[in-house]
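1. got a sequence here, can you build the structure:
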Amino acid sequence: MQKVLTLALLAATVQFSHAQSPLKAGTVALGGGINYTHNGEEVTSGSGYYNNSSSYSNNTLTLSPAVSYFVADNLSIGVDLNYSIQETMYKYNSGNSTPTYRDYTSLRLGPFVRYYKLLNDQFGFTGTLGAGYERDSQPTSTNIGNSTTLKSNGFYAALTPGIIFLPIPKLGIGASIGGLGYSRLNVKPENTTNSDYSDVASTFGANFGLAQLTFSGTYFFGR
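-> Take a look at the predicted model:
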């Protein structure tokens, strides 16, 4: 019995040591993430001849390529780009009405720091802290029925937890469902002639959920 316990302890020790195999300093990581969401809604009001209905849909695609360098075991610094395009459609389902489309775009570019906590050779957790420049474009309507485009630019900061699976040593497959974020943007209508116009929008909060589900792939050079 004592020999069995000794062998089990030895095996556990070897496994624990094996589990601590890190992502070594000097490794280069190249990868990116993708997120897609779709929302749709059908609204009906009235009845008979006065029956009215409308349709609404929202499609969002986000791409986020990134490159990083491991300055220490399990710790990398890098740069990522996050580009998002959102298309909304609204239509009255009566008469000869045509759908109205609006596109919203967002661009983020900045450095990040990422720490990997590997539980074994194939699975672990990640924590990513990033900040940088943000630029957005959003069409909108004025209170007199005209349309315009709001241009925003400023900075952002985000903390994002995630998980990573490594089917082979050089390839990582990751997933995340949101994080903590802060942004401060200067918002101004496109082609405005009012030099005194000022609108500063600040946002801080936690945003978690399936709508934020992002899958990523990373290739590790030099591992």
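2. looking at stretch 213-223 now, give me its mean pLDDT.
-> Computed over stretch 213-223, the mean pLDDT rounds to 95.
3. pull out the buried positions in it.
-> 214, 216, 218, 220, 223 (16 or more other C-beta atoms under 10 Å). All C-beta spots, glycine's among them, are computed from the backbone N, C-alpha and C.
4. mind listing residues that contact it?
-> Outside stretch 213-223, the residues within contact range by C-beta atoms under 8 Å, 6 or more residues apart in numbering are 23-24, 26-35, 62, 64, 162, 164, 169-177.
5. try it again at 6 Å.
-> Stretch 213-223 is contacted from outside by 26-31, 33, 35, 169-177, using C-beta atoms under 6 Å, 6 or more residues apart in numbering.
6. need the buried residues of stretch 213-223 in a markdown table (columns: secondary structure and distance to residue 56).
-> Shown next, in a markdown table, are the buried residues of stretch 213-223 (DSSP: H, G, I helix; E, B strand; the rest coil; distance: C-beta to C-beta, whole Å):
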| residue | secondary structure | distance to residue 56 |
| --- | --- | --- |
| 214 | strand | 24 |
| 216 | strand | 30 |
| 218 | strand | 36 |
| 220 | strand | 43 |
| 223 | coil | 47 |
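7. which one of these is nearest to residue 139?
-> Distances from the buried residues of stretch 213-223 to residue 139 were compared by C-beta to C-beta; the smallest belongs to residue 214, at 25.3 Å.
8. report the beta-bridge partners for that closest one.
-> Beta-bridge pairing of residue 214 under DSSP bridges involves residue 176.
9. okay, stretch 60-74 in PDB with CA atoms only?
-> What follows is stretch 60-74, C-alpha atoms only, in PDB (Å, rounded to 0.1, in the frame of the first residue of the first chain):
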ATOM      1  CA  THR A  60     -22.400  43.100 -36.300                       C
ATOM      2  CA  LEU A  61     -19.100  41.700 -37.400                       C
ATOM      3  CA  THR A  62     -15.900  42.300 -35.400                       C
ATOM      4  CA  LEU A  63     -12.300  41.400 -36.500                       C
ATOM      5  CA  SER A  64      -9.300  41.800 -34.200                       C
ATOM      6  CA  PRO A  65      -5.800  40.800 -35.500                       C
ATOM      7  CA  ALA A  66      -2.900  41.000 -33.000                       C
ATOM      8  CA  VAL A  67       0.800  40.400 -32.700                       C
ATOM      9  CA  SER A  68       2.800  40.100 -29.400                       C
ATOM     10  CA  TYR A  69       6.200  39.200 -28.000                       C
ATOM     11  CA  PHE A  70       6.800  37.300 -24.700                       C
ATOM     12  CA  VAL A  71       9.000  39.400 -22.600                       C
ATOM     13  CA  ALA A  72       8.900  36.800 -19.800                       C
ATOM     14  CA  ASP A  73       7.500  33.300 -19.300                       C
ATOM     15  CA  ASN A  74       3.700  33.500 -19.800                       C
END
